[in-house]
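> Predicted model and sequence below, questions to follow.
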Amino acid sequence: MTAKDIRAMLTAQLGRIAPDIDTSRIDPTLELREEFDIDSIDFLTLITALGKELSLDMPEADYGQMRSFDDLLAYLQARTA
Amino acid sequence: MTDRVGKSPTIIKPHATRVAANMPDYGATQSSFSWVTAESLLDGLPDGHLNIAHEAIGRHVATGHGAQVALRWIAKSGARTDYTYGDLERLTNRFANVLRSRGVIKGDKVYTLLGRVPDLYIAALGTLKAGCVFCPLFSAFGPEPIHARMEIGGANAMITSKRLYRRKMAGIRGALPDLREVFTVDGDTDGTVHLQPLMDAADDDFDIVRTDPEDTALLHFTSGTTGKPKGVVHVHQAVVAHDATGRLALDLRAGDTYWCTADPGWVTGTSYGIIAPLTNRTTMIVDEAEFDVSRWYGILADEAVNVWYTAPTAIRMLIKAGADAIGTRRFPDLRFMASVGEPLNPEAVVWANDTFGQPFHDNWWQTETGGIMIANYAAMDVKPGSMGKPLPGIQAGIVTVADGVLTELTAPMAMGELALRPGWPSMMRGYLNEQARYDKSFKDGWYLSGDLAMRDADGYFWFVGRADDLIKSAGHFVGPFEVESALMEHAAVAEVAVIGLPDETAGQIVKAYVALKPGVTQSDDLRLELIGHARKRLGPAVAPKDIAFRQNLPKTRSGKIMRRLLKARELGLPEGDISTLESDEA
């Protein structure tokens, strides 16, 4: 998967959980949960969906590396590289 | 559920744990306890007056504890800021002076819509000092739940942030005629007043309002199955129960480091996240960040937490993360762990016992009861899956009401509604402006909780379920009606029913069943549009996580949607009595 594919997939998954949020208008460097107005259950749903789609094990110990949209993107890129 | 009972062996408390507990002998305390004695441990104000904020702060400063840290705030960045009891005394005095200077007077309703920031705690206690009513709102609510709660309560002032104001309040402000002042804690925006310059200019001294013990102090909202949210009224006298239950059920001691993970937007985060820890002169840990496994273990270890009060959803996420997440951390200071919000499954109690060398102590109470009513205690053996035994001073029973007659069920493991004999200090004094709804909660001298439960032969209570359609997601009630109303506003929706489905982490998740108007075609895009619509109005804490389309919804002859039937079908359970079913799903 290219970096562009991963970004598109992440955007699509966020769009399923928080369809009311326009991804182009969020600040990708700020806290993901606040920018997308998602709670910890939504976050878990997101991680599960991403893990499934990318066949990745995304352990809770790594959640600290997924604080912002950009962080999460970088994490996914590094893990699928 | 019944299959929980006796599934896991009883956890026997060691002798050393028993004798060291605040309440070493439950039976003895239960027979000698009186609320009058409990009240005598507090200060009170002259001429029989009582103010929660004095018992929480002023009393300790007056007895020489002004230098003790009262609140240790951990910012999202991890930075720590300490506020001593002396600091809190001064800052809450300033806040009360700010309210006065802006014309906010005794009896006015002061709301907060904030994350877990120090301003929230200062506002709560300053509001009480000023004799105003404090009403915290959860910051993950959307504009509609916020508007409903502010309108019902008649909010006069609001403390919030610029971001929350713009996102959630700016659009509803015009529809709140009683709202005179909106303070923002991080600078001003259109129509708000920046709080900080006012705080900086305010006086350090304030003559605390001598409130009557029966004056309203707190307003908390709780959802009903039908109708609008209910404004639950609590008075200053409630502090007697907050203080006593903190000591007996949570084993709080002066000087303890205590961490309640609940947000003050919910009753637990106020009764046991602000009041009880301060009246018991502990140092409270407040973490601004949301749940995070390694951060939480870090706080428990680094802050040397003695008493920890958290919730099943968080505990289940910790269990999922596995032992690796703990790493090399040890918790030698952790003395007591408690859980509330929904029944804690026996596996979680046992997991804690294996992981921390002690069980989680589940307890039970409601917004209406104001404080813990049934609990597992430090010195009492724990039956995993049970909510424990009634607090000293509390009489609980299992009752059934048939043909208007209430009968108490005394046989062990008889299932019925959990009921309490009213009269404890933190019992609600009413549902705001809804006398009929309040009256319906009582029958023949009992308060009816709406929860179904059983009591075993040893006197332990076991939760069975709700008597109604209320949903509990991540420990918080979600009223189906509130969610259904928001979805009905969408042009494509003809009818809607909302139920809670079992979820291994959140307990239940909110799911909506939607029948579309003629001519509207169901699609995944429409499903996402409806979820987005609901989230915008209700916020992530209330909006449905899933939506399913139906041609029609099952209804009774009188047109009432049978949520129970939808749920039974979704879960593959027996449909039960469907004699009133008139129109079914097509």
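Looks like it arrived, so ask away. Numbering: from 1, shown residues only, chains lettered A, B, ... in the order given.

> got a list of what the one residue in the stretch 351-500 of chain B that gets nearest to chain A touches?
Of all residues in the stretch 351-500 of chain B, B:A474 sits closest to chain A, with a separation of 6.2 Å (Cβ to the nearest Cβ). C-betas here are computed from N, CA, C, even on glycine. If you count contacts by Cβ atoms under 8 Å, 6 or more residues apart in numbering or on different chains, B:A474 has them with A:39-41, B:311, B:313, B:341, B:506-507, B:541.

> Quick check, pLDDT for it.
pLDDT recorded at B:A474 is 88.

> Chain A contacts on the stretch 351-500 of chain B?
The stretch 351-500 of chain B comes close to chain A at residues B:473-474, as judged by Cβ under 8 Å from any Cβ of the partner chain.

> Residue numbers of chain A in contact with chain B?
So chain A meets chain B at A:15-16, A:18-20, A:31, A:33, A:37-42, A:44-45, A:59-61, A:63-64 (Cβ under 8 Å from any Cβ).

> Taking these, please make a ChimeraX selection of just the buried ones.
To isolate the buried ones among the residues of chain A next to chain B in ChimeraX, judged by 16 or more other Cβ atoms under 10 Å in any protein chain shown, type:
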select /A:15,18,19,20,33,37,38,39,40,41,42,44,45,60,63
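
> Which of the residues of chain A next to chain B fall in strands?
Assignment to strands by DSSP state E places none of the residues of chain A next to chain B there.

> ok, B:A453 touching B:F463?
Yes - using Cβ atoms under 8 Å, B:A453 is in contact with B:F463, at 5.4 Å.

> As a check, name the ranges of all helices in chain A.
A:3-17, A:32-35, A:40-54, A:69-80 (DSSP state H).

> Now find how far off-centre the helix or strand hosting B:N97 is within its chain.
Assigned by DSSP states H and E, B:N97 belongs to helix B:85-101. Distance of helix B:85-101 from its chain centroid, counting by Cα atoms, centre = their mean, to the nearest Å, is 26 Å.

> list the buried ones in it?
Buried residues in helix B:85-101, defined by neighbour count with 16+ other Cβ under 10 Å: B:85-100.

> Need phi/psi at B:F33.
The phi/psi pair for B:F33 (degrees, to the nearest 10) reads phi -70, psi 140.

> So it is in contact with B:P390, correct?
No - at 10.8 Å, B:F33 does not count as touching B:P390 under the criterion of Cβ under 8 Å.

> pLDDT at B:E504, what is it?
Looking at B:E504, its pLDDT reads 88.

> Name the nearest residue to it, ignoring sequence neighbours.
B:R316 (6.9 Å; Cβ to Cβ, 6 or more residues apart in numbering or on different chains).

> Could you chop chain B up by domain?
B:2-454, B:471-583 (automatic domain parsing).

> among those, which is the most enclosed?
Of all the domains of chain B, domain B:2-454 has the most neighbours on average by mean count of other Cβ atoms under 10 Å in any protein chain shown, namely a mean of 20.

> Is B:I398 part of a helix or strand, or is it coil?
Here B:I398 is strand, with the state taken from DSSP: H, G, I helix; E, B strand; the rest coil.

> so who does it touch?
Per Cβ under 8 Å, 6+ apart, neighbours of B:I398: B:408-410, B:414-419, B:453-455.

> would you list those in JSON lines and tack on secondary structure and pLDDT?
JSON lines is the format used below for the contacts of B:I398 (DSSP: H, G, I helix; E, B strand; the rest coil; pLDDT from 0 to 100):
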{"residue": "B:E408", "secondary structure": "strand", "pLDDT": "97"}
{"residue": "B:L409", "secondary structure": "strand", "pLDDT": "96"}
{"residue": "B:T410", "secondary structure": "coil", "pLDDT": "96"}
{"residue": "B:A414", "secondary structure": "coil", "pLDDT": "94"}
{"residue": "B:M415", "secondary structure": "coil", "pLDDT": "91"}
{"residue": "B:G416", "secondary structure": "strand", "pLDDT": "94"}
{"residue": "B:E417", "secondary structure": "strand", "pLDDT": "96"}
{"residue": "B:L418", "secondary structure": "strand", "pLDDT": "97"}
{"residue": "B:A419", "secondary structure": "strand", "pLDDT": "98"}
{"residue": "B:A453", "secondary structure": "strand", "pLDDT": "94"}
{"residue": "B:M454", "secondary structure": "strand", "pLDDT": "96"}
{"residue": "B:R455", "secondary structure": "strand", "pLDDT": "97"}
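
> Many thanks, we can stop here.
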